[in-house]
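Enquirer: coords please:
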Amino acid sequence: MNRIHIARNRQALGQFSPEEVAEGLASGEFLPTDLAWREPMETWKSLGEFTDLPPATPSLVPPALPQQSADLEMAAEPAWEHRQQLGTFSALVETLRQVLAAPVATFKAMKREGGHTTPLFFYLLVTTFTTWAAMAYQLTFIMMNPEAMLGPLAKSLNTASLLGIQVVSMALAPMLLILVAYCAAGIFHLVFQLLGSSQPFEVTFRAYCYAVAPASVFRLIPICGDFLFFIAALVLLVFSFRETLRIDGARATIGVILPSLLCCGFIWAAGALAAGAVAQGVLK
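Expert: This is a model prediction of the structure:
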């Protein structure tokens, strides 16, 4: 039987025997859409139209070893789950990249069990750093123009007082962030239970931590960082809850948007009250 000429994207791949073509189709080396010709054909045809090729020889490639399977699993789910193997810093950076660049695939592969500690540690590391950065920006703006930022309170606050408030606020930030994580995840969990989800709180909490922490990276951008963080968090939370709670996009969107809009005003008000209480304590 004549050898078969194969081309792809107008580039000749060579001449092959029918057996080689059959094995190439089975292995993926050749595609059914590749063009092929052999004597005495008048025109080129796609390989998918060749019905007289011999059966492909069974592959002798062994199945993936356990370590290879583990590597594939590590590549799919958040890298932070494997920080012992990858190293803490590398796993943190890779998880941020995974969630921001491919959120759907990352959350789809994320384990729905494993406890609260691992995702909470990741959330706390990232959000504490970004919160401190946002607080530093705010302090800089206040010191540049205290009257515009503080109003009448500016007259009673000197540089030492502002720095004191900053230090106390930064010290309290990690504890407040943990409280916010559990409260917010609890609210989302209740809403999604009402919307028909049957997943345990652990799943909701893990999804929340792995979504909000990468979104908080936008807080590193001065001036508009908090706004970008809010938008990014909404988007990533929709993806995370849709994939981990196994619900449709409409319920995921409703379950994220409604409580977020209702709670953001409360959170901002609570933050303002806390800042005021700290300021009064420093001034006494």
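Enquirer: so which strand or helix has G196?
Expert: Of the helices and strands defined by DSSP states H and E, none includes G196.
Enquirer: that one contacts R251, correct?
Expert: Yes. Counting by C-beta atoms under 8 Å, G196 touches R251, with 6.9 Å between them. C-beta: built from backbone N, CA, C; applies to glycine.
Enquirer: quick one, which of the two is more surrounded?
Expert: R251 (18 against 11; other C-beta atoms under 10 Å).
Enquirer: how near is the more buried one to L234?
Expert: Distance from R251 to L234, counting by C-beta to C-beta, to the nearest Å: 15 Å.
Enquirer: I'd like the distance between P18 and R112.
Expert: 48 Å.
Enquirer: likewise for A105?
Expert: Taken as C-beta to C-beta, the span from A105 to R112 is 16 Å.
Enquirer: with A102 instead?
Expert: A102 is 18 Å from R112, by C-beta to C-beta.
Enquirer: helix, strand or coil for the residue lying farthest from the centre of the chain?
Expert: Here the chain reaches farthest from its C-alpha mean at P40, the gap being 55.5 Å by C-alpha atoms, centre = their mean. For P40, the assignment made with DSSP: H, G, I helix; E, B strand; the rest coil gives coil.
Enquirer: quick one, phi/psi of it?
Expert: phi -100, psi 40 (degrees, to the nearest 10).
Enquirer: can you check the pLDDT for it?
Expert: Model confidence at P40, expressed as pLDDT, equals 83.
Enquirer: use 112 as the first number for this chain going forward.
Expert: That works, and once the first residue is 112, the last one we named lands at P151.
Enquirer: where exactly do the strands run in the stretch 112-261 of the chain?
Expert: Counting by DSSP state E, counting those that start in this stretch, one finds strands in the stretch 112-261 of the chain at the ranges 115-119, 122-127, 146-148, 156-157.
Enquirer: can you give the strand pairings for the longest one, parallel or anti for each?
Expert: Spelled out, that is strand 122-127. Strand pairing for strand 122-127, using DSSP bridges, gives strand 115-119 (antiparallel).
Enquirer: spatially central, which residue of the chain would that be?
Expert: V210 (1.8 Å).
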